[in-house]
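Student: Structure for this input, please:
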Amino acid sequence: MIIMKKLKFTRQDAHKKVRLGNKWRKPKGLHSKMRLSFKGYNKTVSIGYGSQKNTRGLDKSGLKLIIIKSLKDFEKIDAKKECIAIAKTMGLKKKIEVLKQAMKKGIKVVNVKDINAFLEAVDEKFKKSREKKEKLKKKREVKKKEVKEVTKKKTIDEKIEKTDEEKKEEEKNKRDKLLTKKTK
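Tutor: All right, here's what the predicted structure looks like:
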């Protein structure tokens, strides 16, 4: 199996203007030397530069690359002929499950360098988030207790104040009654 180095086709004038980037775009100018494929100008994409049929669509290791989007896709894979890449849309929990199954079956995962290190890092991340949540719960419980104590104190103080206020009001009512009786 002969694997030839692929050319990197760059856009016309990409070396002059950084904002153009290195993505390929077909040259379309009327006087474009690149479009006319003059000697000394960048090469344009054409059929002759394609890879060989037997190596087309293969990974560097010679395995067929399959993108995994769900756990169902994972069941159909042959470890000897195929390798996998986990889709970026897959969530972290399912990604962990897929990686564990890949380790068991001995399937190569292209977009994760070291599976064990990745799983350990994720476990640490989960532990830290759990600890954070527990701390927040404890803080909330303490605040609730403090609020309850404060409300109890307020209610007691209000009751005491009400009794004082009620006494004053009663005295005023008595005075008013006496005053109204005398004037009659």
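Student: C-alpha from now on. contacts and neighbour counts both.
Tutor: OK.
Student: Run the chain-centre distance for the helix ranked longest in the chain.
Tutor: Assignment by DSSP state H gives helix 115-183 as the longest helix of the chain. Centroid displacement of helix 115-183 relative to its chain, using C-alpha atoms, centre = their mean, to the nearest Å, is 38 Å.
Student: Show me what it is packed against.
Tutor: helix 92-105 (3 or more C-alpha pairs under 8 Å, 6 or more residues apart in numbering; DSSP states H and E).
Student: coming back round to it: direction-wise, compare the longest helix of the chain with helix 92-105 and give the angle.
Tutor: Going by axes from the mean of the first three to the mean of the last three C-alpha atoms, to 10 degrees, helix 115-183 is angled at 160 degrees with respect to helix 92-105.
Student: for helix 115-183, what is the average pLDDT?
Tutor: Averaged across helix 115-183, pLDDT comes to 84.
Student: neighbours of Lys23, just the number please.
Tutor: Counted with other C-alpha atoms under 10 Å, the neighbours of Lys23 add up to 11.
Student: Buried residues, stretch 144-156. List them.
Tutor: Residues of stretch 144-156 classed as buried: none (neighbour count, 16 or more other C-alpha atoms under 10 Å).
Student: what's the answer for stretch 98-112, then?
Tutor: Using 16+ other C-alpha under 10 Å as the test for burial, stretch 98-112 gives Val98, Leu99, Ala102, Ile107, Lys108, Val109.
Student: looking at it, the third one is touching Lys108, isn't it?
Tutor: Yep, that's Ala102 we're talking about. Yes: at 7.2 Å, Ala102 counts as touching Lys108 under the criterion of C-alpha atoms under 8 Å.
Student: what about Glu146, distance to Ile156?
Tutor: As judged by C-alpha to C-alpha, to the nearest Å, Glu146 and Ile156 stand 15 Å apart.
Student: With Lys135 instead?
Tutor: To Ile156, Lys135 is 32 Å away according to C-alpha to C-alpha.
Student: What of Pro27?
Tutor: Separation of Pro27 from Ile156 (C-alpha to C-alpha): 85 Å.
Student: swap in Glu97?
Tutor: Applying C-alpha to C-alpha, the value for Glu97 to Ile156 is 57 Å.
Student: residues contacting Lys139?
Tutor: Residues near Lys139 by C-alpha atoms under 8 Å, 6 or more residues apart in numbering: none.
Student: what's the neighbour count on Phe9?
Tutor: When neighbours are defined as other C-alpha under 10 Å, Phe9 has 14 of them.
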